[in-house]
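S.K.: Sequence first, then the predicted structure:
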Amino acid sequence: MVDLKFFDVPETVKLAVKQLRNRGVTFATVHGNDPILRAAVAERHDVKILAVTVLTSFGEEDMLEMFGVKCKVEDLVFVRAKRAFDLGCDGVISSGLESKRLRDNLGDNFLIVTPGIRPGANITIKQDDQRRIVTAGEAIANGADYRSDSQWGRLRGSWTSDKHGARPDRHGGTTAERNCESP
């Protein structure tokens, strides 16, 4: 796993992903707009590309300040995940709070990797830098495939990377989701 959240001009991201080939890297995280994600997907070969949706350290109050739009975090995550899906990414990084909606709408052939997993004992520690957190049980119940923390690992059953096989129907977004579109 290379969790560097590549975010640069598309050509630089493309070259960075190309450098990961044949190095035993399973996943690479990419953060950016459509051209950045397309560049990463074009060079992925044996590396699965995971698009970062919204960092789990962001809450509802950060949406206007950080992104210039007032919307629910869940709606922005869905819009970004759907774009990643449509662009051919292998999956997304998303809070377990949004996993159920993503799984229900984007199907089982799309990875959901969940950061911010906490055991029940420290789920409410105020100093935690993660704001949208869940327990491992909640992440599994909501459809997450992997957790991304110091104990990175699979949460649920197998996944196929066959991007040419049957894919779920692509569902349109709600008015709130369209309002979360970047200008």
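M.R.: Now that the structure is in, tell me what you want to look at.

S.K.: which residues of the chain fall in strands?
M.R.: Secondary structure of the chain by DSSP state E: the strands cover 2-6, 27-30, 48-52, 91-93, 111-114, 146-147, 153-154.

S.K.: partner strands of the third one, parallel or antiparallel?
M.R.: In this case it means strand 48-52. The partner list of strand 48-52 in its sheet, established with DSSP bridges, is strand 27-30 (parallel), strand 91-93 (parallel).

S.K.: highest average neighbour count across those?
M.R.: Among the strands paired with strand 48-52, ranked by average contacts under mean count of other C-beta atoms under 10 Å, first place goes to strand 91-93 (a mean of 27). Every residue, glycine included, has its C-beta placed from N, CA and C.

S.K.: can you give me the helices in this protein?
M.R.: 10-18, 34-42, 62-67, 73-87, 96-106, 136-142, 175-179 (DSSP state H).

S.K.: where does this structure dip in pLDDT?
M.R.: 1-2, 119-129, 131, 147-183 (pLDDT under 70).

S.K.: rerun at 90
M.R.: 1-8, 21-22, 54-73, 95-96, 114-183 (pLDDT under 90).

S.K.: Could you export the strands paired with strand 48-52 as a markdown table, including distance to Ile112?
M.R.: Output for the strands paired with strand 48-52, formatted as a markdown table (distance: least, C-beta to C-beta, whole Å):
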| stretch | distance to Ile112 |
| --- | --- |
| strand 27-30 | 12 |
| strand 91-93 | 6 |
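
S.K.: ok so, going back, quick one: which of the helices of the chain is nearest Val25?
M.R.: Comparing the helices of the chain against Val25 with C-beta to C-beta, the closest turns out to be helix 10-18 (9.4 Å).

S.K.: on contacts alone, who are the packing partners of that closest one?
M.R.: strand 2-6, strand 27-30, helix 34-42 (3 or more C-beta pairs under 8 Å, 6 or more residues apart in numbering; DSSP states H and E).

S.K.: mind running it again at 7 Å?
M.R.: For helix 10-18, the elements it packs on are strand 2-6, helix 34-42, judged by 3 or more C-beta pairs under 7 Å, 6 or more residues apart in numbering; DSSP states H and E.

S.K.: where's the first one relative to the chain centroid, distance-wise?
M.R.: Right, strand 2-6. 12 Å (C-alpha atoms, centre = their mean, to the nearest Å).

S.K.: Then the last one?
M.R.: From the chain centre to the centre of helix 34-42 is a distance of 14 Å (C-alpha atoms, centre = their mean).

S.K.: and that helix, which residues are buried?
M.R.: Within helix 34-42, the residues that qualify as buried are 36-41, counting by 16 or more other C-beta atoms under 10 Å.

S.K.: what do you get for stretch 3-14?
M.R.: So stretch 3-14, judged by 16+ other C-beta under 10 Å, has buried residues 6, 10, 13-14.
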